[in-house]
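> next one to model:
(one chain, ligands or ions: 2)
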Amino acid sequence: MMDGESATELGVPRDGDPTSFITLGIETSCDETSAAVLRGETEILSNVVYSQVDLHARYGGVVPEVASRNHVVKLPYIVDEAFERAGVRVGDVSLFAATRGPGLVGPLLVGLCHAKGMAYASGLPFVGVNHLEGHLFAHRLETPDVEPPFIGLIVSGGHTLLVDVARYGEYHVVGTTVDDAAGEAIDKIGKMVGIGYPAGARIDALAKEGDPKSIPLPRPMEGSSSFDFSFSGLKTAVLYHLRKNPRERREDIAASVLASVVSVLTKKSLEAARRFHRRRLVVVGGVAANSHLRAELAAEGRRREIEVYFPALALCTDNAAMIAAAGAFRHRQLGETHPLSVSPDSSLALGS
Ligand code: KG4
Ligand code: ZN
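Residues are numbered from 1 along each chain as shown. Ligands and ions are numbered 1, 2, ... in the order given. The predicted model follows:
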């Protein structure tokens with residue numbers, strides 16, 4: 001806030017005191033059922049995440065209808081638990097926020113309807129949140145003092161995005177994947193080598209025992225001047241390699257795959273920071289949990305004098321605290337409230 005500006009001028013609609021402003025956030029865009037209670041804009045009182053992965057593992061990926069039905073069953077309990085752990089009652093809530101997109105439309109509908117129902121019943125405001133903006137707010141939760149401008153790398157199972165963040169709420173997407181997301185490619189390669197879904201954490205661990213130089217794999221679009229990504233060719237290269245070398249060690253495959261993914265992500269995101277004159281890089285999303293990516297980006301960032309930030313692992317993967325944080329910001333700082341007619345948008349773009 002600038003000197004001389006009051007909270008009212010910035011559109012704080014309900015309560016100017018951040019310590020008594022409570023947001024209930026709900027996230028159901030994919031296969032995590034999550035509810036969180038946030039005080040002010042950055043203090044997490046609870047962040048309950050129920051992962052459905054076991055339910056989907058046998059299919060090798062998320063089955064949207066199975067996810068929707070499971071959200072319907074679990075969400076009321078998860079919301080109750082979020083209140084209980086936070087020591088807060090529904091009557092204490094100031095704002096309801098839920099993911100509106102992008103994501104799977106059925107799962108989105110479940111969380112959105114739940115939050116809108118609670119807002120309607122209590123006569124309180126509701127904000128529909130962009131899931132990608134939510135991922136960026138994981139950084140604000142972790143490090144509220146480290147504010148934009150920065151380059152954001154959102155890297156998850158569904159997205160690989162480079163975003164220039166001039167300030168929260170103002171996003172310029174400078175690069176995205178032209179085919180598979182990084183996490184999606186890792187999960188598909190995991191499936192090829194017989195690792196359960198999702199494969200990210202297991203590939204991360206296996207790679208520590210493997211030789212990253214053992215298999216020459218492509219580093220797609222690494223040398224291109226564009227900030228776009230492509231990971232589907234990497235997946236095909238692994239497929240062909242496995243046909244010729246069916247006994248290849250899984251550790252070596254994991255290490256070689258991550259060498260490629262980490263190198264591409266590192267080069268492009270640090271180059272984007274240089275090109276857009278940002279001294280900070282913020283890395284969020286499920287793949288930001290990857291230990292090899294964290295180590296490489298931290299080292300290269302130091303070398304190029306760019307500060308690199310990663311949220312704690314629990315805030316990297318899908319969770320409702322980040323959704324509550326984005327919703328609280330949009331309501332309190334931008335004065336946003338959405339009508340209860342707002343519907344899910346499976347391909348909602350960042351900045352729309
Ligand atoms: O952000 P997220 O929970 O969901 C989406 O919005 O997509 O990300 C899930 C993705 C999965 O592809 C998973 O394999 C990947 O994040 N992931 C990892 C690691 N932990 C999760 N990828 C690489 N290394 C990890 N340690
Ligand atoms: Zn996500």
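> hmm, the helix or strand bottoming out on mean pLDDT in the chain in reach of ligand 1?
Ranked by mean pLDDT, DSSP states H and E, the helix or strand of the chain with the weakest confidence is helix 53-57, at a mean of 83. No: with C-beta under 6 Å from any ligand atom as the measure, helix 53-57 is seen stopping short of ligand 1, the closest distance being 9.5 Å. Placement of C-beta: from N, CA and C, glycine included.
> please enumerate the helices of this protein.
For the chain, applying DSSP state H gives helices covering 53-57, 64-86, 105-122, 131-142, 182-192, 200-207, 232-244, 250-275, 291-303, 313-316, 320-332.
> ok, the residue in the stretch 201-350 of the chain positioned nearest to ligand 1 - how many residues close by?
In the stretch 201-350 of the chain, the residue that lies nearest ligand 1 is Gly286 (2.1 Å; C-beta to the nearest ligand atom). Neighbour count of Gly286, defined by other C-beta atoms under 10 Å: 27.
> with the one 3 residues further on instead?
Using other C-beta under 10 Å, the number of residues around Ala289 comes to 24.
> what's the answer for Ile189, then?
Per other C-beta under 10 Å, the neighbour tally for Ile189 reads 25.
> how much space separates it from ligand 1?
10 Å (C-beta to the nearest ligand atom, to the nearest Å).
> wait, what's in contact with that residue?
Ala199, Ile203, Leu234, Lys235, Val238, Ile253, Val257 (C-beta atoms under 8 Å, 6 or more residues apart in numbering).
> which of those residues has the most neighbours?
Greatest neighbour count in the contacts of Ile189, by other C-beta under 10 Å, goes to Val257: 28 neighbours.
> so that residue sits right up against Ile203, yeah?
Yes: Val257 lies in contact with Ile203 (C-beta atoms under 8 Å); the separation is 6.7 Å.
> overlap in contacts of these two?
What both Val257 and Ile203 touch, as defined by C-beta under 8 Å, 6+ apart, is the set Ile186, Ile189.
> ok, now how distant is the nearest residue to Ile154 once chain neighbours are set aside from Tyr168?
Closest residue to Ile154 apart from its sequence neighbours, by C-beta to C-beta, 6 or more residues apart in numbering: Leu161 at 4.3 Å. Distance of Leu161 to Tyr168, given as C-beta to C-beta, to the nearest Å: 16 Å.
> these two: which has the busier surroundings?
More neighbours surround Leu161 than the other of Leu161 and Tyr168, with 25 against 20 (other C-beta under 10 Å).
> what's near enough to touch that one?
Residues in contact with Leu161, defined by C-beta under 8 Å, 6+ apart, are Leu132, Gly152, Leu153, Ile154, Val155, Val173, Gly175, Thr176, Thr177, Leu350.
> distance of it from Arg167?
18 Å.
> with Ser263 instead?
Here Ser263 is placed at a distance of 31 Å from Arg167 (C-beta to C-beta).
> who has more neighbours, the two?
More crowded of Ser263 and Arg167, by other C-beta under 10 Å: Ser263, with 18 against 10.
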